[in-house]
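In: Show me how the following folds:
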Amino acid sequence: MQPKKRSPRARRRGVALILVLGALTILTVMLTEAQDESSADFASALAARDQLIAEYSAKSAVNLSRLIIAAEPTIRGAIGPLLALMNGGQIPGQIPIWAHADKALGAFNDQDGQKAFSALAAIDTKLGKNLGMEGAGFEVRIIDEDSKINVNAAARGEAFSETRLASQLMGLMMGTQNDPLFSQRDADGQFSDRMQICSAIVDFVDPNQDQAGCDVGSEIAQAAAPEDSFYSLLTRPYERKNAALDSLEELRRVRGMSEDFWATFVDPDPDDPDRRVVSVWGQGTINVNTANPQVILTLVCQNNGAPEATVCTDPAESAKFLMALSMVRGFTAGAPIFGSPKVFANALKGKGMFGDIMTMLGIEPIQLKSQDDFLKSVSTESKVFSIYATGYVRAGTRETRTRIHAVVDFRGAPPPGMDARAVDAAKDAAAALDPSGTTAQQIDAALKPSPGGNLVYWRVD
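Out: Below you'll find the model as predicted:
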């Protein structure tokens, strides 16, 4: 008996189910792709929004920091007599209130910052208006650039500035403990001693074409030889800048600037800019009240200081000197130690609190080679500051951060409330009968310092 043939309809059974399943699969894939694209767009929009909020949080921190620095003379005038009373009648120098900017600005920060500020000042920030930020905050550090060795001092083209910089660089690199660093090949495969690297740094910045002489202790006049042709002989040659550096990173292009040299003498800890020894901003003089101990030791050991003192030639004595500085700063709790450059010079000779601690540690009084010349490189007032502000936005496990590095110059800045630019611009605009001259007058007014200082560097990361 032959099997029964299936009808055409029976053979088509299940086709609809296959078509439906195929359609559902395609729709599922399309829907998944659409959902992924929407999620990516939504996440991108959230990231862009948070990035913008974080950036403006950092900008707020920068502006508030400028206000704190500008208010220092007013604060000094209020508490100066009290500090003088505590310091035996000595008039205090500039008070480094910027070192406590993160706490002082807590009232304008997120909830954690407001709580810290309330605990510090015993003030309830909830009673204030328009304080704090919702869902965002900032971290801020203000670094005194006048507490560093300014390599851009050579860009002035003055013999005195170049000699002073060379002396400071040689003082920085002195010490037998640094000898191994100059007995090995540098990043360019060359052997470079202290004087070669010192000359390379000065020559990279100064505007002339003469080789800098870093043998500052020599009594014999040095011949002005032409700058060496090292950079033109490289595989990828380039020229010296022969002008002021715009950022610290440009210093890496200088001959002999190896990673070891950078970590030892330039920026020992990138996460702690306060430990940085070198700057490309600043007035040129070094504020001894805010400079870290290593910079002060460099200042003492420069040519017009006391290069032959035991603190400059004996690593053990150098360590004692650094310890003495740290102890004095611990006793004063951040208050300025030296009221003037002359007070600092006298302290090196064994006078005052610092002199007493030096004696206690067995450090001999330091006799300066040329006190008048030495005092020209010392100050107790800072005018140029780096503001490192990081704005952040936290949402669940996601955190968005934006960092701003701003450098502000307060030289010539009027007190808060006396914005010379706005006043002069209004006067000039009102007095200008000739419209063609208004633009020039406004530009001239804009170049005048404001109470918040002038921005000379701005970087967003």
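In: Can you show me the strands along the stretch 201-350 of the chain?
Out: Under the criterion DSSP state E, counting those that start in this stretch, strands of the stretch 201-350 of the chain are mapped to 278-279, 286-287.
In: That should have said the stretch 51-200 of the chain, apologies.
Out: 136-144, 149-150.
In: Just tell me which of the ones you listed ends up closest to residue 416.
Out: Across those, residue 416 has its closest neighbour in strand 136-144 (16.7 Å, Cβ to Cβ). C-betas here are computed from N, CA, C, even on glycine.
In: quick check: mean pLDDT across the closest one?
Out: Across strand 136-144, the average pLDDT comes to 94.
In: which stretches of the stretch 301-450 of the chain have low pLDDT?
Out: 334, 417-448 (pLDDT under 70).
In: Over to the stretch 1-150 of the chain?
Out: Looking at the stretch 1-150 of the chain by pLDDT under 70, you get 1-14, 83-92.
In: what sits against the closest residue to residue 185 other than its chain neighbours?
Out: For residue 185, ignoring the flanking residues on the chain, the nearest one in space by Cβ to Cβ, 6 or more residues apart in numbering is residue 191 at 6.2 Å. Residue 191 makes contacts with 182-185, as judged by Cβ atoms under 8 Å, 6 or more residues apart in numbering.
In: likewise residue 325?
Out: Contacts of residue 325 (Cβ under 8 Å, 6+ apart): 293, 296, 354.
In: which ones are touching the closest residue to the last one other than its chain neighbours?
Out: The spatial neighbour of residue 354 that comes closest, neighbours along the chain excluded (Cβ to Cβ, 6+ apart), is residue 347 at 4.1 Å. Residues near residue 347 by Cβ under 8 Å, 6+ apart: 337-338, 353-355.
In: remind me, longest helix of this protein?
Out: helix 15-70 (DSSP state H).
In: Who are the packing partners of it?
Out: helix 101-104, strand 136-144, strand 384-395, strand 398-409 (3 or more Cβ pairs under 8 Å, 6 or more residues apart in numbering; DSSP states H and E).
In: Dump the ones you listed to JSON lines, plus mean neighbour count and distance to residue 36.
Out: Below are these laid out as JSON lines (neighbours: other Cβ atoms under 10 Å; distance: least, Cβ to Cβ, whole Å):
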{"stretch": "helix 101-104", "mean neighbour count": "18", "distance to residue 36": "41"}
{"stretch": "strand 136-144", "mean neighbour count": "23", "distance to residue 36": "29"}
{"stretch": "strand 384-395", "mean neighbour count": "22", "distance to residue 36": "21"}
{"stretch": "strand 398-409", "mean neighbour count": "19", "distance to residue 36": "18"}
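In: Of all those, which one is nearest residue 239?
Out: Closest of the helices and strands packed on helix 15-70 to residue 239 is strand 398-409, at 25.5 Å (criterion: Cβ to Cβ).
In: returning to that earlier point: wait, which of the helices and strands packed on helix 15-70 is closest to residue 41?
Out: Between residue 41 and the helices and strands packed on helix 15-70, the shortest separation by Cβ to Cβ is 16.2 Å, and it involves strand 398-409.
In: what angle separates the closest one from strand 384-395?
Out: 170 degrees (axes from the mean of the first three to the mean of the last three Cα atoms, to 10 degrees).
In: Residue 258 contacts residue 182, correct?
Out: No: in this structure, residue 258 is not within contact of residue 182 by Cβ atoms under 8 Å, at 10.3 Å.
In: The residue most central in space within the chain pairs with what?
Out: For the chain, the residue sitting closest to the mean C-alpha position, by Cα atoms, centre = their mean, is residue 386 at 4.2 Å. Taking DSSP bridges as the rule, residue 386 bridges to residue 143, residue 407.
In: do you know how far it is from residue 368?
Out: 30 Å (Cβ to Cβ, to the nearest Å).
In: How about residue 337?
Out: Between residue 337 and residue 368 the distance is 18 Å, computed by Cβ to Cβ.
In: out of these two, which sits in the busier spot?
Out: Higher neighbour count among residue 337 and residue 368: residue 337, with 24 against 17, using other Cβ atoms under 10 Å.
In: hang on, isn't that one packed against residue 331?
Out: No: using Cβ under 8 Å, residue 337 is not in contact with residue 331; the gap is 9.0 Å.
In: Need the residues touching each of these two.
Out: residue 353.
In: can you tell me which residues contact the residue nearest to the centre of the chain?
Out: Neighbour list for residue 386: 142-143, 145, 273, 281, 405-407, 457 [criterion: Cβ under 8 Å, 6+ apart].
In: before we move on, back to that, in helices, which of the contacts of residue 325 fall?
Out: Within those, residues falling in helices by DSSP H are 293, 296, 354.
In: mind listing the helices for the stretch 151-300 of the chain?
Out: In the stretch 151-300 of the chain, the helices defined using DSSP state H, counting those that start in this stretch lie at 159-173, 194-205, 259-261, 293-300.
In: Turn those helices into a markdown table, columns for mean pLDDT.
Out: Converted to a markdown table, the helices of the stretch 151-300 of the chain look like this (pLDDT from 0 to 100):
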| stretch | mean pLDDT |
| --- | --- |
| helix 159-173 | 87 |
| helix 194-205 | 90 |
| helix 259-261 | 88 |
| helix 293-300 | 88 |
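In: For residue 322, find the nearest of those helices.
Out: helix 293-300 (4.3 Å).
In: I would like the residues contacting that closest one, please.
Out: Residues outside helix 293-300 that contact it (Cβ under 8 Å, 6+ apart): 147-149, 168, 171-172, 277, 286, 288, 291, 305-306, 309, 311-312, 318, 321-322, 325-326, 348, 366, 377-378.
In: Of the residues you listed, which count as buried by neighbour count?
Out: Among those, those scoring as buried are 147-149, 168, 171-172, 277, 286, 288, 291, 305-306, 309, 311-312, 318, 321-322, 325, 348, 366, 377-378 (criterion: 16 or more other Cβ atoms under 10 Å).
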